Every structure is written in C-alpha cells, then in structure tokens.
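**Student:** prediction below, plus the sequence it came from.
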Amino acid sequence: MKRSNTLKTLLLVTGLMLFSGKISAQNGNVIVNEDAKLTKVIEIKKELNKDNEDHNKYKIQIFSGSLAAAENEKSKFANSVGNWSSELVYETPNYKVWVGKFRSRLEADRALLEIQKKFPSAFIFKPKKEKD
C-alpha cells in the first residue's frame, strides 16, 4: 500500500514537471490612446507647478546678516548639504539665505533635521505673500 502511494506520488510529480514546461505567461501589447488635449493640459500643469508662488511653499532660513557673510554661508551650504536649492534674499537691513521650496511642513521638517547638522540655527518659515 505504501509502495503504491509512493509510486502514485512519483508519477504525479513527474507528470507535473513534464507539463510545467508547456505552461507560460501570457504575452501582449498594451496600446494607450491618449487625447492630444490631455497631453497639452499635462504640459500646462507642469509649467504652472514650476512657477508656483513661493508663499505657498515652506522654506528654511539658514542665515541672516551682511552680504559677504551671507554669500559665504550660501557657498558653505552648497558645498556641504546642498541637496536643495538656495537663494540669497535681501530684506532690510539683512541679507538672508533661504533653502528649498517644500510643498508640505513634513517635507520641510525632514530637510531641517539634515540641515541643522551643519547649520544649527536654521528654521522653517513660510514667506509672506507680496502685496501688489
């Protein structure tokens, strides 16, 4: 009886191995029909996102002071942390170095943790909307 069960199992395994070579995944092509207007809308949206106003974004300030010192700090940032863009901004009476354009506070918080390793006085802020 045991020998019969072993023989059946052996035949079953052998059969499965032989037939498994015949089984294969389906191959096919996917064709996407996209309206040209949709492509145009996507391109417009990309352009709008590039020029999105700064007052909707979070930034990190790493320095405020004289022009020479601000340029030095901006250069130091680019050479050390530099994963984000930085800009030099003049707000009377100081020059400031601002980093990044973060969409969310969480994104800015994560960047701040990295930036504060080299610039401990850095902080997050949201620029005020300029009045016309």
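**Tutor:** Looks like it arrived, so ask away.
**Student:** any idea which helix or strand in the protein has the lowest mean pLDDT?
**Tutor:** Lowest on mean pLDDT, DSSP states H and E among the helices and strands of the chain sits helix 2-20, with a mean of 75.
**Student:** pull the distance from the helix or strand that that one is followed by to the chain's centre.
**Tutor:** Per DSSP states H and E, the first helix or strand lying C-terminal to helix 2-20 is helix 36-50. Chain-centre distance of helix 36-50: 19 Å, with CA atoms, centre = their mean, to the nearest Å.
**Student:** can you pull the buried residues of helix 36-50?
**Tutor:** By neighbour count with 16 or more other CB atoms under 10 Å, helix 36-50 contains no buried residues. Where C-beta positions appear, they are placed from N, C-alpha and C, glycine not excepted.
**Student:** using PDB, write out every CA atom in it.
**Tutor:** Output in PDB follows, covering the C-alpha atoms of helix 36-50 (Å, rounded to 0.1, in the frame of the first residue of the first chain):
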ATOM      1  CA  ALA A  36      -3.700  65.300 -27.600                       C
ATOM      2  CA  LYS A  37      -5.600  67.800 -25.500                       C
ATOM      3  CA  LEU A  38      -4.800  65.700 -22.400                       C
ATOM      4  CA  THR A  39      -1.100  65.900 -23.200                       C
ATOM      5  CA  LYS A  40      -1.400  69.700 -23.600                       C
ATOM      6  CA  VAL A  41      -3.100  70.000 -20.200                       C
ATOM      7  CA  ILE A  42      -0.400  68.000 -18.500                       C
ATOM      8  CA  GLU A  43       2.300  70.200 -20.000                       C
ATOM      9  CA  ILE A  44       0.500  73.400 -18.900                       C
ATOM     10  CA  LYS A  45       0.100  71.900 -15.400                       C
ATOM     11  CA  LYS A  46       3.900  71.200 -15.300                       C
ATOM     12  CA  GLU A  47       4.700  74.800 -16.300                       C
ATOM     13  CA  LEU A  48       2.300  76.100 -13.600                       C
ATOM     14  CA  ASN A  49       3.900  74.000 -10.900                       C
ATOM     15  CA  LYS A  50       7.300  75.300 -11.900                       C
END
